[in-house]
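> sequence and computational prediction follow.
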Amino acid sequence: MAKESFDKEVQFLRMLVLTSGAYSRQQFADKLGISIHTFDKTIKNLKNIVNSMSEQLSSGQSKEFAETLRYNYLDSANPALLFLFRAKSLKESEIVRISLILTTLQHDPLTANEVLDACYGGLPVDSPLPDEKTIRPDLKYLEQVGVIRRLSSSRPYRYRIHDDLITKLSTEELHDLYDFIDIMANTQVPSVQGYLLRDGLRKHLARNGTNHNTIAPFLYKYHFYSRILAEAHLFTLFTAIRNRCNIEILYFSHKKPQMYASQNTNPLFERESTSIAETILPIKVVYDHQYGRWYLLAHHSRNGMRTYRLDGITQIQVAEQVAESLYEEKRAKLEQNMKNSWLIDTKNPVTVRVKFYNPGDGIPNFVKERVTLQGQWGQITEEHDDGFIYEIHVNGVTEIRPWLRSFGSSCEVLEPKQLRKEMIADWKEIQSYYESIRENI
């Protein structure tokens, strides 16, 4: 599957989940910036992938694509959106060839030429025959991702399957490992690699006769599916940051009407895109636990430091490397600007003073426990019988405001005055939602 196609399907799935199928075909196509024909082709491709990845469903349970997502919604320990990571980069011929390579290396260590001979004898008649220039990159790729390992240090290199994890552990130890990976993949970030490792362990245990219900004792309902989809870009960005490389992106602001644009290869169907093509130097990736969003902080040659939401980034291409001195200069400046950021805000610092009220006599002070746990570098400066004063020096108030609002009547903003006014306006607006209903009761 081409990279552009993968971008399209990521955005397609994100919108399908977030809108719960509320859009018509035309609305969906307009939002994605594609034609109805491309929409139908994308649906067909995704259905094929779902069918190939859903072996647990009988033919009688075959459903439409949107129904498949609903069917799997509660089973977020195996999210339906994850299957794109299994299908994003391999063509059908590559899947057949790599599967044969792995099967061959399970028995004895082999050289690249011996693997090539095995491919000649094992590939289907209608499959294209590889040459040495094809096999060697396959082996290098499999070695990089840890599926196989090189045994010899001198040529000709010999390779074998890297399955020590499952062959050197007992069944009980594998069950414990599966449970650990299952919990971590659903509660920590990034998760996709953990999901894939967990699924591999599940298949291995099932092949050894372990019942599926026995090896899947936990059931998660993960609410931030967009976070999983945004991980499509995560490891590309990590590589670019580690190597100090610029990247070229097509960016769609969340305020724009479109979230994707197809590449205009046919002049008859050219569309005006709302995206922005940019070359930037990625510095830092930040995850917002409150909203389940990934952010990229990067330096733009004209606009300085900018923030990008990963769910608006498509068509990432790694570009030229920059000098280490330049990169360190930009990184140090960003770290300085973010010194007092609640999350990623780089506005001018302000001092926020808040009074939190205790829940009452005889009730555990869960308010203070939460402030102490979540209040970052803020300090409790005063304590009274009915509550306590909390202070923090933070960049702007935009990011801390939802956190303060989540305390409801247990929180009163004292300073700055502008934030106090905004909080009062928020609660008046919320109160107005209920007034008409209470009058009618």
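Happy to help now that I have it.
> Arg25: neighbouring residues, count only.
Neighbours of Arg25 under the rule other C-beta atoms under 10 Å: 11. All C-beta spots, glycine's among them, are computed from the backbone N, C-alpha and C.
> cool, His107 as well?
Using other C-beta under 10 Å: His107 sits among 10 other residues.
> three-state assignment of it?
Three-state call for His107 (DSSP: H, G, I helix; E, B strand; the rest coil): coil.
> any idea how far Ser409 is from Ala173?
One correction, residue 173 is Glu, not Ala. Glu173 sits at a distance of 50 Å from Ser409 (criterion: C-beta to C-beta, to the nearest Å).
> looking at these two, which is more packed in?
Legend: neighbour count by other C-beta under 10 Å for Glu173 and Ser409, higher for Glu173 (11 against 7).
> point out the other helices and strands that the host helix or strand of the more buried one packs with.
Element membership for Glu173, per DSSP states H and E: helix 171-187. Applying 3 or more C-beta pairs under 8 Å, 6 or more residues apart in numbering; DSSP states H and E, one finds that helix 171-187 contacts helix 192-207, helix 212-215.
> and the helix or strand just after the shortest one, what's buried?
Towards the C-terminus, the helix or strand next in line after helix 212-215, according to DSSP H and E, is helix 225-242. Using 16 or more other C-beta atoms under 10 Å as the burial criterion, the residues of helix 225-242 that qualify are 225-234, 236-237, 240-241.
> tell me the mean pLDDT for helix 225-242?
For helix 225-242, mean pLDDT is 84.
> what strand or helix carries Ser153?
Per DSSP H and E, there is no helix or strand for Ser153.
> how many residues are close by it?
Neighbours of Ser153 (other C-beta under 10 Å): 6.
> do the one 10 residues further on as well
Here the number of neighbours of Asp163 (other C-beta under 10 Å) works out to 16.
> residues touching the lengthiest strand in the chain, excluding its own?
In the chain, assigned by DSSP state E, the strand with the most residues is strand 276-288. Among residues not part of strand 276-288, those counted as contacts by C-beta atoms under 8 Å, 6 or more residues apart in numbering are 189, 227, 234, 237-238, 240-241, 244, 246-253, 293-301, 305-306, 308, 310, 319, 322, 327, 330-331, 334, 338, 343-344.
> repeat that with 6 Å
With contact meaning C-beta atoms under 6 Å, 6 or more residues apart in numbering, strand 276-288 is reached by 189, 237, 240-241, 246-251, 294-300, 330-331, 334, 343-344.
> which ones among those residues lie within helices?
The helices, defined by DSSP state H, take in 237, 240-241, 330-331, 334 from the contacts of strand 276-288.
> ok, the longest strand of the chain: who's next to it in the sheet?
If you go by DSSP bridges, strand 276-288 pairs up with strand 245-251 (antiparallel), strand 293-300 (antiparallel).
> what bits of the stretch 1-150 of the chain have low per-residue confidence?
Residue ranges of the stretch 1-150 of the chain with pLDDT under 70: 1-5, 20-21, 49-93.
> quick one, helices of it?
Assigned by DSSP state H, counting those that start in this stretch, the stretch 1-150 of the chain shows helices spanning 3-19, 25-32, 36-53, 65-71, 83-87, 92-105, 112-122, 132-144.
> follow-up on the earlier one: buried ones in the helix holding Glu173, by neighbour count?
Residues 174-175, 177-179, 181-182, 185-186 are the ones in helix 171-187 that count as buried (16+ other C-beta under 10 Å).
> on that earlier part again, and the ones in helices among the contacts of strand 276-288 as a markdown table, adding distance to Pro130?
A markdown table is the format used below for these (distance: C-beta to C-beta, whole Å):
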| residue | distance to Pro130 |
| --- | --- |
| Leu237 | 32 |
| Ala240 | 30 |
| Ile241 | 34 |
| Lys330 | 43 |
| Arg331 | 43 |
| Leu334 | 45 |
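> which one's the longest helix in this protein?
Longest helix in the chain, counting by DSSP H: helix 417-440.
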